[in-house]
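**Student:** Sequence and predicted structure, then a few things I'm wondering about:
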Amino acid sequence: MFTAQPIGFVHSPYQETSAIPKGLGAKHDAEGAIELLREYEPGLADIEGFSHLYVLWEFDRADGFELVAHPPTDEGRPHGVFATRSPRRPNPIGLTVVELLGREGASLRVRGVDMLDGTPVLDIKPYLSSVPAEKLLRGWLAEAEKARE
């Protein structure tokens, strides 16, 4: 087991969870920044060549966890927490894909933030996927989206 330590923090327009777009059709186009701690800046070498990044972060303001979530996206129907993006997880780890807009020293300008301002960042990885779009399945979310059409 390891103890995660933040490598940096998110600068986001969101001060309250209620302000973050959620649900079907939610657009995550807010711009923000990921400010790494200075000692991690060398780890950003060559990151500018990637258009998108995975950001692993901590739901640092989540309280406890539930193994069954009731996402409003699906009219509150129950789903296993691992089939949702609920913040109330056994290990409060978030994953977001952001578009890299630029880098200035230890700061990355990004689009697509869905985290609260000040959220601790645990890791950053280049976004790479070899899964063709036609092979991706969206599970219960696809059903909920279809029901709203």
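**Tutor:** Perfect, thanks for sending it.
**Student:** what's across from the spatially most central residue of the chain in the sheet?
**Tutor:** The residue lying closest to the centre of the chain (CA atoms, centre = their mean) is residue 96, at 2.4 Å. Beta-bridge partners recorded for residue 96 (DSSP bridges): residue 55.
**Student:** show me the contacts for it.
**Tutor:** 28, 54, 55, 57, 112, 113, 114, 115 (CB atoms under 8 Å, 6 or more residues apart in numbering). Where C-beta positions appear, they are placed from N, C-alpha and C, glycine not excepted.
**Student:** Mark which of those are buried, thanks.
**Tutor:** 55, 57, 112, 113, 114, 115 (16 or more other CB atoms under 10 Å).
**Student:** Mind picking the two most distant members of those?
**Tutor:** Spanning the widest gap among the buried ones among the contacts of residue 96 are 57 and 112, at 12.7 Å by CB to CB.
**Student:** where do the helices sit along the chain?
**Tutor:** For the chain, the helices defined by DSSP state H occupy 139-147.
**Student:** And the strands in the chain?
**Tutor:** Secondary structure of the chain, counting by DSSP state E: strands at 8-11, 31-36, 52-58, 68-69, 79-80, 93-104, 107-111, 120-126.
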